[in-house]
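Engineer: return atomic coordinates for the entry below.
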Amino acid sequence: MRTAVSIALMLFGTCAAQAHSYRVGHLEILHPAIMVPQANSDCTCAHVTIVNHGSETEYFLGAEIAVASNTRLLHVASREHDISAPSEVAIAPGATLDLHRHEWCLFLSDIPKGLEADVGAYPARLMFRHAGTIGIEFLVDANQ
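Structural biologist: As a prediction, this is how the structure comes out:
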């Protein structure tokens, strides 16, 4: 019996971690996660997927993540390898902004040494033109 309960709790915990998401108004925010930084680095990337279920275009303006002194939205143009920091990104009705892909990233700098996976969550604020500021948490994830 104890084994069955232990297995059930492990499965529930795994599903809960994978289902780390928020639904605020017309926006769905999926799996906000910070990558474990490379050794001796004070910067890394954070990833999140934002889905606009509304009928109007929403604009993502950026984020503040408590673990970093500076958070910037970066876009890498794949052909030229140019890196830019747009001031906002449009998310059309029914569209998804996927900051898990190599062309987009929330770049975090001035983070503390020793940031490790599975040590908890860090508060963050995502800013939007219409939805305003949305408070969420980012998990540290070694599998990003």
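Engineer: what sits against the closest residue in space to residue 22 that isn't next to it in sequence?
Structural biologist: Using CB to CB, 6 or more residues apart in numbering and skipping the chain neighbours, the partner closest in space to residue 22 is residue 29 (4.3 Å). The way it works is simple: take the backbone N, C-alpha and C, and place the C-beta from them, glycine included. Applying CB atoms under 8 Å, 6 or more residues apart in numbering to residue 29 gives the contacts 21-23, 48-51, 126, 134, 136.
Engineer: compile those residues into TSV and extend it with columns for secondary structure and distance to residue 36.
Structural biologist: As requested, the contacts of residue 29 are exported to TSV (DSSP: H, G, I helix; E, B strand; the rest coil; distance: CB to CB, whole Å):
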residue	secondary structure	distance to residue 36
21	strand	21
22	strand	22
23	strand	27
48	strand	16
49	strand	19
50	strand	22
51	strand	26
126	strand	21
134	strand	25
136	strand	19
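Engineer: list buried residues within the residues you listed.
Structural biologist: Among the contacts of residue 29, those buried by neighbour count (16 or more other CB atoms under 10 Å) are 22, 48-51, 126, 134, 136.
Engineer: closest to residue 63 among these?
Structural biologist: Taking CB to CB as the measure, residue 63 lies nearest residue 126 of the buried ones among the contacts of residue 29, at 5.1 Å.
Engineer: tell me which helix or strand in the protein has the weakest average pLDDT.
Structural biologist: Least confident helix or strand, the chain: helix 2-18 with a mean of 39, by mean pLDDT, DSSP states H and E.
Engineer: ok, which stretches of this structure are strands?
Structural biologist: Assigned by DSSP state E, the strands in the chain fall at 21-24, 27-35, 43-52, 58-65, 70-77, 82-84, 89-91, 96-98, 104-109, 121-128, 132-141.
Engineer: my guess is residue 31 meets residue 50, correct?
Structural biologist: No: the criterion here is CB atoms under 8 Å, and residue 31 misses it with residue 50 at 10.8 Å.
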